[in-house]
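Undergrad: sequence and predicted model, in that order:
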Amino acid sequence: PTNVDPTDTKKYLKYQRTLEHFHTGLVKKLTGCGFLTAHLSQSKHKYLGVCQLCTETPHRRIDLLTVPHHKWALSLLYFTGSMRLNRLMRSWATEKKGMHLSQDELYHLAG
């Protein structure tokens, strides 16, 4: 399922386990076919490593992030933006809009 209500705890936990299983399986499959060549760091939802498309091409750094559907847009902003852009967006959200912005959530600050 791609649109699970995070307030439905039982379904959401099952969804989280499905994402973890997908992430682990993806890393195993990409390692098995020789695409991922070195592992730098790995958790249930994030992988940092080195890949190589074929033996004639250079090795490249690769980061893989698996997130729930409802966090996709915020994660995309965080993961693809520079550190400066992320800091500017978070600062703007807080100072100009009275909101908190992170890779996981966006909400109005109490006050």
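TA: Cool, got the structure.
Undergrad: strands of the protein, start to end?
TA: For the chain, applying DSSP state E gives strands covering 36-42, 46-51, 60-65, 99-101, 106-108.
Undergrad: what sits against the most centrally placed residue in the chain?
TA: Note on the chain: the residue nearest the mean C-alpha position is Leu65, at 3.3 Å, using C-alpha atoms, centre = their mean. By C-beta atoms under 8 Å, 6 or more residues apart in numbering, the contact set of Leu65 is 45-47, 75, 79. All C-beta atoms are positioned from the backbone trio N, CA, C, and that covers glycine.
Undergrad: buried among these? Need that as a selection in ChimeraX.
TA: Selecting the buried subset of these in ChimeraX, with 16 or more other C-beta atoms under 10 Å as the burial test, is done by:
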select :45,47,75
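Undergrad: now for the contacts of Leu65: which two are most distant?
TA: Greatest spatial distance among the contacts of Leu65 (C-beta to C-beta): Tyr47 and Ser75, at 14.0 Å.
Undergrad: could I get the contacts of Leu65 as a markdown table with pLDDT?
TA: Rendered in a markdown table, the data for the contacts of Leu65 read as follows (pLDDT from 0 to 100):
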| residue | pLDDT |
| --- | --- |
| His45 | 90 |
| Lys46 | 93 |
| Tyr47 | 96 |
| Ser75 | 91 |
| Phe79 | 88 |
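Undergrad: contacting residues for the residue lying closest to Tyr47 once chain neighbours are set aside?
TA: For Tyr47, ignoring the flanking residues on the chain, the nearest one in space by C-beta to C-beta, 6 or more residues apart in numbering is Leu64 at 4.2 Å. Residues in contact with Leu64, defined by C-beta under 8 Å, 6+ apart, are 23, 26-27, 46-47, 49.
Undergrad: and which of those residues is nearest Lys71?
TA: Each of the contacts of Leu64 was scored against Lys71 by C-beta to C-beta, and Lys46 proved nearest at 12.8 Å.
Undergrad: surely the closest one touches Ser75?
TA: No. Counting by C-beta atoms under 8 Å, Ser75 is not a contact partner of Lys46; they are 10.3 Å apart.
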